[in-house]
Structures are given as C-alpha cells and as structure tokens.
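1. Could you work out the structure for the sequence below:
(2 chains)
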Number of protein chains: 2
Amino acid sequence: MEMTVNLQDHSYPIQIKSGILKNCLKDLNPNRRYFVISDSGVPAKWQNMVMEQLENGTLFVFEQGEASKCFDQYQKIMEAMAASGMNRKDAVIAVGGGVAGDLAGFCAATYMRGIDFYNIPTTLLSQLDSSVGGKTAIDLGTLKNLVGAFWQPKAVWIDPQVLETLDPRQLKAGLAEALKMGLILDEELYREFLKEEPRLEWIIQRAVDLKRKVVEEDEKELGLRKILNFGHTIGHAIESSYEHHDYLHGECVAMGMLYFLKDPALKEQVINIVRKLGLPDVPCFDQDAVFEALVHDKKGSAKGIDAILVDRPGSFQIESLPLDTFQKLLKGNVYEEHIWQ
Amino acid sequence: MEMTVNLQDHSYPIQIKSGILKNCLKDLNPNRRYFVISDSGVPAKWQNMVMEQLENGTLFVFEQGEASKCFDQYQKIMEAMAASGMNRKDAVIAVGGGVAGDLAGFCAATYMRGIDFYNIPTTLLSQLDSSVGGKTAIDLGTLKNLVGAFWQPKAVWIDPQVLETLDPRQLKAGLAEALKMGLILDEELYREFLKEEPRLEWIIQRAVDLKRKVVEEDEKELGLRKILNFGHTIGHAIESSYEHHDYLHGECVAMGMLYFLKDPALKEQVINIVRKLGLPDVPCFDQDAVFEALVHDKKGSAKGIDAILVDRPGSFQIESLPLDTFQKLLKGNVYEEHIWQ
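-> Now for the predicted structure:
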C-alpha cells in the first residue's frame, strides 16, 4: 500500500508493505552520501539490511532510550556527520523507533540548515504515529520535545515484518496509540479493538492514513493536529514525572486517555480493551509531581490548558480547562465512575 | 524607509530609519512574552531602549564574539527561555550583530519547533547583510554555521543611529560587505565607494534592498543566493584558520574578494578602496591550514568548489573550480597582477 502526504512543495510518499525493508532503498541516488542513524535496540539484521543497499552509507548507532534525545547526543551526531564529510546534498536515514526518528529528523533539519531525511520506523508506535508528520525534536532535561523543528521526510517506509523482533511491550504501547486515533477520529478503527483478534497490518494502514489526513490539514500543529494530543496532557506528565524510566510513551497515553472519557460506559469499555491488550493500569503516582510536570509541559499557558474529550468513538470536543480541573482530576481515582463530578 | 521581503506565507517588513529604535516595538502585542537576546558588546543604552518598550520582556546577554555561537551557549539560552516560561505563542528579539542574530534566530527556529523572531541589528554588517534572509546558525568547532535553520524574522528594524557607538573597525568591516554587494550586483553602489565621502545611510538602504531581492529569488540558497558568497570561500577559510580571533568576518571577505577579481585594473581600484576604508591587507597566512579549512568548509564538494568571479562592477560569473586552483591561488601573492596566470 502506498499513499502520499500532500503538503504543497514538500509532499512525500509512505509505503506500507511486509518485507519492503529488503529493497526499499534501491532507487535512491547512489551518488549521495547517506548517514544512517539507528539505536542499540534495533536488531543488527535490520540495520544490515539497510546498509547493504547503500553504496555510500555510514551507520551511527546511539544508545536506545529517551535519554538519548538530549543535547549531548545531538552534538555528537552532528560532529559525526561533519566528520563523515556529509554536505548539503546528502541525506539522513532514521532506522528505529520514535526516539531515532525524532533525533535523526532534528539532525537532518539543522545540518547545514537542513538536508533530506528518510524514515524507516521499526516500532509499531513510530510506524503509525511519529514517522508521519515531520515533528522532530530533542528533550531539554525533563521537558520533552522542547527543542525541535518541523521537517518533513522525503519518504517513509513501513515494514510490518520488522515488528517480529519487537519487544511485545512495545507492540502493546503502539496499539494504545492506534486505539487513541480510533477513539478520536475513526469508529471503525476503534471497533477493531473489540474483536477477538485485531488485524495488525490493517490497523497500521488505517492509523497512518488518519495521521496523514490530520497532518495535511494542519502541518504546523496550529489547530486540528492538537487533537492527536488526546491522552497526552496527563500522559506526558506521568511520563515526565517518572523521568522516562518506568513507562513507555504509549502506555502513558493509554493512561492519560481514561481521564477524558466522560461517559462511564465508554470508559469501562476502553478500560477493558486496555487491559485485554496487556497495558498497565494507572499507577499511584505522586500527584503534586505530575501536576507540576503538566503545568510546565509545553501545551501549558497562563490561562488554561486545552483538553480533548471523547464522548463516543470517532468524535471529540476540545475544551480549555483551568489548571484547577487538572489538579482535581489527578487527585481522583480514574477507575471510579464519576471522577468528573 | 520601509520595504517588504516577499516570501509567500512568511513575508516581512524591514524598516530603516534613524532613531527608530526608540519606539519600534510599541505596536507589538503586549500579551506575549518577549525574550531579548543580546551580547555584551551592545551598549546598555540600546538594550535599555528595547526593554523599556516591553511590558513582559526578559533580557539575556551573552558574551560578545563568534565563540558564543556554540552548542553550550545555544543550550543555555534554550534553558533560560524555558525557565522564563516562554511558550509557542511568545517571541524572541535579537539585539546585536551577526552573532546575536544567528544565535537568537536559531533559538527561535528550534524552541518548541519554532516561535516568532524579530531582529534589531546593531552593527553595520548585520544591518545590511545577515539580518535579511533568515539564515540562522551556530558553529561546530571551527566549522562555521554548520548547524542551523532557515527561519525568517517577522520584522527587522534598522536604526543607523546605533552605529554611533560601534567600534570603527566594525564599521569598516560592514562597509566591506556593502562593497562586495556593489561589485557583484550594483555598479552604482560600487561607485559610491569611489567618492570622497560615501553616504552611510544610503549605502545601508541600497545594500538591504539588493539583499532583499536576492533572498526573494532564492530563499533557501539553492542557486542565486550563492553569489553573496563572493569573497567568502577564501575569506571564511582565512577566518577559520585564525580561530575567529584575529580578523572580523567583513575584513576576511574583503581579503577573499581580491582573489576573484581577474581584471588587474579593477583589482587595483578595489585594493585602493579597501585600503582607503582602512581595512587590513591579506596577512602572510599558513597556506596549508587555510587550504584545509577551505576544503572542510561547507561549500566544498568532492568535485570542485563554485567560485564567484567579477570582471566588471555589477556583474559576476560562477565557475566550478578544482581544488588545485584554490591551492595555487593561496600559494600566490594576491597583490601581484597576474596571480591567475
């Protein structure tokens, strides 16, 4: 399956196909240098499969994990790119999850004021979410994605086959993101999760296509694109307050969503899906620390914070809520029926 | 005088007027936060004049000099911006020379994936060159501007009155850049330098207008804009090889230009202008070090390097020259008539 993200002068194709990793790079210009950025969590067999297709490629592997999305790692990669002789006509290829895509994308966005970027996401979460849309970034201490750029890739290749080697916990975290997209935008995608055996490749295609449409309408996240933050406001805050160690991003998003399902019946159904997928329950977190992280999060403003609420699958409302409301929600038990009253 | 840089969805005004600094910010939205980035070389009276117009402003002063265009300073400023509570709707204002504009512009370009940027250049060089065109960057060791972004300002205010407090050496370096623009693009501007008393404000207006036209035609430096690198290839290399300490950028550009004036009569005339302005002669530099810096410079490629040549004022040619030619030029004495033979 191939689709095009239509963004005026920087449109690009996304190809989704099992086994595509083996030969997706064969049509790239062999006269350019390619700087491949991957992380230690990506099995060598996928990295090798990429490198074998490049005549003039350099592989850079950084340590797996959110902690690598930092200034130090960013500087190291830029230095390695310069040392390998990369110039303005060369290109960067990311091979890995969201961290690799964000970090490599930001390097591409800012090396010599921007060079071409290709993305090969190898986790489910990055395949159906972060690889599409051009958001690149690094963190500033505990402030996630504070430093970054909008930089669209030239192409994205999604190979569901690489998920064979993915940690099952990462797979579940990715499904949480697809569930989120179904809840806000697509009842059919949501209903897939009610089935005995949800179809993985179908879910990827459906979610990527939704993401594509949202990005086309709002490339720079000035409006509509914010809806994808459903579950993120509190989710990010929980993630930050645990210093990125204990929970995966998708796990936190799954937790964060629950707070904004006002309808008790829908919330119960989503809790059941989340538990069936094997995602963790919301822990007994430090309420003050999470609230503080939330206030400092970049979506904050002096007056209030926009929250995305879902009453029925496939539709949403945006409400600007005062900080008090978030504080109250965080103090409540999200598994109780009436946290909003 | 006001002009508009026309760049589709990110056009912006440039105002050039003596005394404008006193009230140029009075129409800015008072509900936004403004993070003012300036350097220790800017007299406090200009910084205060800016801050007095802002209800909600924070002043950040970094140490004057090219050495501040580094990762460390970049990170420090991003941290200070976060600490002051800046969000996506706030804006950065640069008050200073090219270093302040490049550094502050890159911070604005990458803070939360890009926030608004305003530029108040306070050196002649930045007024007539770097403040127009959206090139922002920091250095990577000796590699100038290796890390950066194209990020257009929302407005540029140029007040020739602030040049009163400028070091005369900086003033001369700025005039070298204007001379360069006259040589490649505008015979009338060039001829102004043959007069007894060239008119400073007229030169600024003329040079900014030329720069505006070039940027409008080639925002991302894919073609035409490269011509502004006249004098830069060797100039940058001399500058880098001296580790940014001994020479100003404009001084090096003035040196670099001489190598690419093939016509002996024109070269003699330009040497006279350069000396009359009080710009330094080309020193007895380390030829190998300068050649190495040139090869590593970002304009390099495996095959050759584009050089801009001027045979008569106001017109230019671009030639791709092999590295050998540059080596030969560097070994020669540029003040001799026949360095090209």
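2. Just the C-alphas of stretch A:288-299, formatted as CSV.
-> Only the C-alpha atoms of stretch A:288-299 are listed here, as CSV (Å, rounded to 0.1, in the frame of the first residue of the first chain):
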residue,chain,number,x,y,z
ASP,A,288,2.0,17.0,43.0
ALA,A,289,4.9,16.0,40.8
VAL,A,290,2.6,15.1,37.9
PHE,A,291,0.7,18.3,38.3
GLU,A,292,3.9,20.3,38.3
ALA,A,293,5.1,18.4,35.2
LEU,A,294,1.8,19.1,33.5
VAL,A,295,1.9,22.8,34.2
HIS,A,296,5.5,23.0,32.8
ASP,A,297,4.6,21.0,29.8
LYS,A,298,4.7,22.9,26.6
LYS,A,299,0.9,22.8,26.0
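3. which outside residues touch it?
-> Stretch A:288-299 is contacted from outside by A:142-146, A:229, A:232-234, A:236-238, A:240-241, A:300, A:305-306, A:323, A:326-327, A:330, B:87-88, B:112, using CB atoms under 8 Å, 6 or more residues apart in numbering or on different chains. Bear in mind the C-beta positions are built from the backbone N, C-alpha and C, glycine included.
4. One more: stretch A:40-54?
-> Contacts of stretch A:40-54 (CB under 8 Å, 6+ apart): A:21-26, A:28, A:34, A:36, A:38, A:57, A:59, A:61-65, A:93, A:95-97, A:100, A:120, A:122, A:162, A:165.
5. how about 6 Å then?
-> A:21-22, A:25-26, A:34, A:36, A:38, A:57, A:59, A:61, A:63-64, A:95-96, A:122, A:162, A:165 (CB atoms under 6 Å, 6 or more residues apart in numbering or on different chains).
6. same question, stretch A:320-329
-> Contacts to stretch A:320-329, defined as CB under 6 Å, 6+ apart, come from residues A:259, A:291, A:294, A:304, A:306-307.
7. Take these and keep only those in strands.
-> Taking DSSP state E, the ones among those that sit in strands are A:306-307.
8. Kindly indicate which of the contacts of stretch A:320-329 lies nearest B:Pro198.
-> A:Asp306 (55.5 Å; CB to CB).
9. gap between that closest one and chain B?
-> 12 Å (CB to the nearest CB, to the nearest Å).
10. A:Gln317 is in contact with that residue, correct?
-> No: if you go by CB atoms under 6 Å, A:Asp306 and A:Gln317 don't touch, sitting 10.5 Å apart.
11. Neighbour count: these two, which is higher?
-> A:Asp306 (15 against 12; other CB atoms under 10 Å in any protein chain shown).
12. tell me the contacts of the more buried one?
-> A:318, A:320.
13. Quick check: closest non-adjacent residue to the residue nearest the centre of chain A.
-> The residue lying closest to the centre of chain A (CA atoms, centre = their mean) is A:Ser130, at 3.5 Å. Nearest residue to A:Ser130, sequence neighbours excluded (CB to CB, 6 or more residues apart in numbering or on different chains): A:Gly98, at 4.3 Å.
14. Is the one you found in contact with A:Leu124, as I believe?
-> No: counting by CB under 6 Å, A:Gly98 stays clear of A:Leu124, with 10.4 Å between them.
15. More neighbours: the two, which one.
-> Taking other CB under 10 Å, A:Gly98 and A:Leu124 do not tie; A:Leu124 has more neighbours (28 against 24).
16. The more buried one and A:Gly174 touch, don't they?
-> Yes: A:Leu124 is within contact range of A:Gly174, at 2.7 Å (criterion: CB under 6 Å).
17. before we move on, back to that, just the buried subset of the contacts of stretch A:40-54, please.
-> Neighbour-count burial (16 or more other CB atoms under 10 Å in any protein chain shown) is assigned, among these, to A:21, A:25, A:34, A:36, A:38, A:57, A:59, A:61, A:64, A:95-96, A:122, A:162.
18. which two in these are spaced the farthest apart?
-> Maximum distance among the buried ones among the contacts of stretch A:40-54 (CB to CB): 22.8 Å, for A:Leu25 and A:Gln64.
19. show me what contacts the residue nearest to A:Ser130?
-> A:125-126, A:130.
20. let's go with 8 Å and repeat that
-> With CB under 8 Å, 6+ apart, A:Gly98 has these contacts: A:121, A:123, A:125-126, A:129-130, A:249.
21. swap in A:Asp281?
-> Neighbours of A:Asp281 in contact, by CB under 8 Å, 6+ apart: A:255, A:275, A:335.
22. Now the phi/psi pair for the second one, please.
-> Read it as A:Arg275. phi -70, psi -40 (degrees, to the nearest 10).
23. Quick check: which element contains the nearest residue to it once chain neighbours are set aside?
-> Excluding the flanking residues, the one nearest A:Arg275 by CB to CB, 6+ apart is A:Asp281, at 7.5 Å. Here A:Asp281 sits in a region with no helix or strand, counting by DSSP states H and E.
24. Check the gap between A:Asp281 and chain B for me.
-> Counting by CB to the nearest CB, the gap from A:Asp281 to chain B is 32 Å.
25. contacts for stretch A:228-237?
-> With CB under 8 Å, 6+ apart as the criterion, stretch A:228-237 contacts A:129, A:144, A:180-181, A:183-184, A:211, A:214, A:249, A:252-257, A:259-260, A:290-291, A:293-294, A:297, A:299, A:305, A:307-308, A:310, A:316, A:326, A:329-330.
26. taking those residues one by one, which sit in strands?
-> Those of these mapping onto strands are A:144, A:305, A:307-308, per DSSP E.
27. For those, pick the one with the most neighbours.
-> A:Lys144 (23 neighbours).
28. Quick check: that residue touching A:Ile238?
-> No: contact status for A:Lys144 versus A:Ile238: not in contact, 11.8 Å apart, counting by CB atoms under 8 Å.
29. Do me a favour and get the end-to-end distance for stretch A:219-226?
-> Using CA to CA, to the nearest Å, one end of stretch A:219-226 lies 11 Å from the other.
30. Then stretch A:156-173?
-> Counting by CA to CA, you get 21 Å between the two ends of stretch A:156-173.
31. Can you name the residues of the stretch 1-150 of chain A sitting close to chain B?
-> Within the stretch 1-150 of chain A, the positions adjacent to chain B are A:71, A:75, A:78-79, A:82, A:87-89, A:106, A:109-114, A:135-137, A:140-141, A:143, A:145-150 by CB under 8 Å from any CB of the partner chain.
32. Any chance of a ChimeraX selection covering the buried ones in those?
-> Burial among the residues of the stretch 1-150 of chain A next to chain B is assessed by 16+ other CB under 10 Å; the matching ChimeraX selection reads:
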select /A:71,75,78,79,82,87,106,109,110,111,112,113,114,135,136,137,140,143,145,146,147,148,149,150
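33. What about the residues of the stretch 1-150 of chain A next to chain B, which are in strands?
-> Cross-referencing those against strands under DSSP E gives A:135-137, A:140, A:143, A:145-150.
34. Need the pLDDT of A:Gly219.
-> To be clear, residue A:219 is Glu; Gly isn't right here. With respect to pLDDT, A:Glu219 scores 85.
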